[in-house]
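K.L.:
Mind looking at a prediction? Sequence and model below.
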Amino acid sequence: MPVANSIAAAAGHLTEWRQDLHRHPELGYEEHRTSKVVAEKLRAFGFDDVQEGIGKTGLVGVLHGRNGPGDEAHSIMLRADMDALPILEETGLPHASETAGVMHACGHDGHTVMLLGAAEHLAETRAFEGTVYFCFQPAEENGGGADAMIKEGLFERFPCRAMYGMHNLPGLPVGHFATAPGPLLAACDEFEITITGLGGHAAEPHDCRDTIVCGSAIVQSLQTIASRRIAPRHPCVVSVTQFHAGDANNVIPQVVKLSGTVRSFDEEIHKAIYTEMERIVSQVCAAHDCTGEVDGGHVYYPPTINDAAETKFCVEVARELAGEAAVQDDLRISMWAEDFSFFALKKPACFVMIGNGDSALLHHAKYDFNDGATPWGSSFFARIVEKALPVV
């Protein structure tokens, strides 16, 4: 079954909506304009209810089928994320970000509009039985917006039996889909290491306790955790991404701060990484006559684990839509992370990748969502609803 005719016909205004959101990106928990735009469109579509301010700037649209509301067994939830990233855009496109230093470098503008496209179509047809909840989530990028919505009673207020989400994938052709049952994306969190020594004049390093040298040694040593301390059968990543020290060329700084991210698929491995990190920091600092402190576990996202039955269902829907050859059901695990994982801990869920074509990579200053993918994503969401909640 190809892209729905009404969705194909809507491609022009869906592109306009997406490019408008791209011009006005907002960081996590600051998606005030985005949330307002979404809410206005859902109400214009004729949604039965739209509830805003869930998880600060999140919202949920409620749409009932032909015969009215469904109970939990006859209700599902679809999710899109809305936030942008603190990156200076370098695309040079007519619809480039108008907010300096902020851009949609991960395609959440496209995710939002794909779900809006499905919402518009389903509000017109009501070709399903039961209730669909359209979840527009804030702060996926490091803010844990999914967890915030859950803690504010998402599933108590909108009871459903299953949940579905989607993310674009550069390199995968437009019109293609990919997923897999079980572990799909890694758990992640952030850490900060504070190293304290004895600052002083750079001309007299013998009278100092050099935090720069100590910090550099720690960065090098942390790379041995994944390569030498964790068994190769356990995928994991320890990346130092920031090194902050000093303000003058002739001063050895008193304090150095390192920060970064840890990725894994196993809670025990995650704990083991931090045990090794504590050991390394303690011993390397002692060797340099400094002190060190590890502060970890910030914004922890659990691994994203797809439910086997829901994944099989999503693959069947995608193949009906795009054809057998355009759907991959054995996508390799990735060390990316997604806070859709919080939803998947609470409900049977499936997270699917949709092709973005030959674009720049995610989180790159030259990235842009491919508007050609929108009708495919909207049709996929719509077919999920029509197949999961069939009219009888």
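P.N.:
Ah, there it is.
K.L.:
Next, the nearest residue to residue 72 once chain neighbours are set aside: secondary structure please.
P.N.:
Nearest residue to residue 72 in three dimensions, chain neighbours excluded: residue 159, at 4.0 Å (Cβ to Cβ, 6 or more residues apart in numbering). C-beta here means a position set from N, CA and C on the backbone, and glycine is covered the same way. Secondary structure state of residue 159, per DSSP: H, G, I helix; E, B strand; the rest coil, is coil.
K.L.:
Give me the helices and strands touching the helix or strand containing residue 118, please.
P.N.:
The secondary structure element spanning residue 118 is helix 108-125 (assigned by DSSP states H and E). Applying 3 or more Cβ pairs under 8 Å, 6 or more residues apart in numbering; DSSP states H and E, one finds that helix 108-125 makes contact with helix 5-9, helix 11-23, helix 32-45, strand 58-64, strand 75-81, strand 131-137, strand 162-169, helix 374-388.
K.L.:
So which of those is nearest residue 91?
P.N.:
helix 11-23 (9.2 Å; Cβ to Cβ).
K.L.:
in the closest one, what counts as buried?
P.N.:
Buried residues in helix 11-23, counting neighbours by 16 or more other Cβ atoms under 10 Å, are found at 11, 14, 15, 17, 18, 19, 21, 22, 23.
K.L.:
same deal with stretch 276-288?
P.N.:
Neighbour-count burial for stretch 276-288, with 16+ other Cβ under 10 Å as criterion, is recorded at 276, 277, 280, 281, 284, 285, 288.
K.L.:
And the contacts of that stretch?
P.N.:
Stretch 276-288 has contacts (Cβ atoms under 8 Å, 6 or more residues apart in numbering) with 191, 193, 195, 197, 209-210, 213-214, 217-218, 221-222, 224-225, 229-230, 238, 291-294, 296.
K.L.:
Which ones among those map onto strands?
P.N.:
191, 193, 195, 238, 291, 292, 293, 294, 296 (DSSP state E).
K.L.:
Most neighbours among the residues you listed, which one?
P.N.:
For the ones in strands among the contacts of stretch 276-288, the largest neighbour count, defined by other Cβ atoms under 10 Å, is 27 neighbours, found at residue 195.
K.L.:
Am I right that it is in contact with residue 290?
P.N.:
Yes: assessed by Cβ atoms under 8 Å, residue 195 is found in contact with residue 290 at 5.5 Å.
K.L.:
Where does the prediction get shaky in this structure?
P.N.:
Where the chain drops to pLDDT under 70, the residues are 1.
K.L.:
Could you chop it up by domain?
P.N.:
Domain assignment for the chain by automatic domain parsing gives 5-182+303-388, 187-300.
K.L.:
most packed of the ones you listed?
P.N.:
domain 5-182+303-388 (a mean of 20; mean count of other Cβ atoms under 10 Å).
K.L.:
Could you tell me the end-to-end distance of that one?
P.N.:
One end of domain 5-182+303-388 sits 20 Å from the other (Cα to Cα, to the nearest Å).
K.L.:
go on, stretch 283-303?
P.N.:
31 Å.
K.L.:
now swap in stretch 25-33 and tell me
P.N.:
Span of stretch 25-33 from end to end, Cα to Cα: 9 Å.
K.L.:
again, but for stretch 162-176
P.N.:
Start-to-end, stretch 162-176 (Cα to Cα) is 23 Å.
K.L.:
How about stretch 132-151?
P.N.:
Start and end residues of stretch 132-151 are separated by 20 Å (Cα to Cα).
K.L.:
Same check on stretch 352-364?
P.N.:
Stretch 352-364 end-to-end distance (Cα to Cα) = 21 Å.
K.L.:
Excluding residues flanking it in the chain, which one is nearest residue 90?
P.N.:
residue 365 (4.0 Å).
K.L.:
which ones are touching the one you found?
P.N.:
By Cβ under 8 Å, 6+ apart, the residues touching residue 365 are 87, 88, 89, 90, 91, 103, 105.
K.L.:
Same check on residue 56?
P.N.:
Neighbours of residue 56 in contact, by Cβ under 8 Å, 6+ apart: 29, 138, 139, 145, 148.
K.L.:
Same list (those) but as JSON lines, adding distance to residue 5 and secondary structure.
P.N.:
Putting the contacts of residue 56 into JSON lines (distance: Cβ to Cβ, whole Å; DSSP: H, G, I helix; E, B strand; the rest coil) gives the following:
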{"residue": "29", "distance to residue 5": "38", "secondary structure": "coil"}
{"residue": "138", "distance to residue 5": "33", "secondary structure": "coil"}
{"residue": "139", "distance to residue 5": "35", "secondary structure": "coil"}
{"residue": "145", "distance to residue 5": "34", "secondary structure": "helix"}
{"residue": "148", "distance to residue 5": "38", "secondary structure": "helix"}
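K.L.:
any chance of the residues you listed in JSON lines, plus distance to residue 81?
P.N.:
Formatted as JSON lines, the contacts of residue 56 follow (distance: Cβ to Cβ, whole Å):
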{"residue": "29", "distance to residue 81": "12"}
{"residue": "138", "distance to residue 81": "8"}
{"residue": "139", "distance to residue 81": "8"}
{"residue": "145", "distance to residue 81": "7"}
{"residue": "148", "distance to residue 81": "12"}
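K.L.:
So which of these is the closest to residue 38?
P.N.:
The closest of the contacts of residue 56, once distances to residue 38 are taken by Cβ to Cβ, is residue 138, at 10.9 Å.
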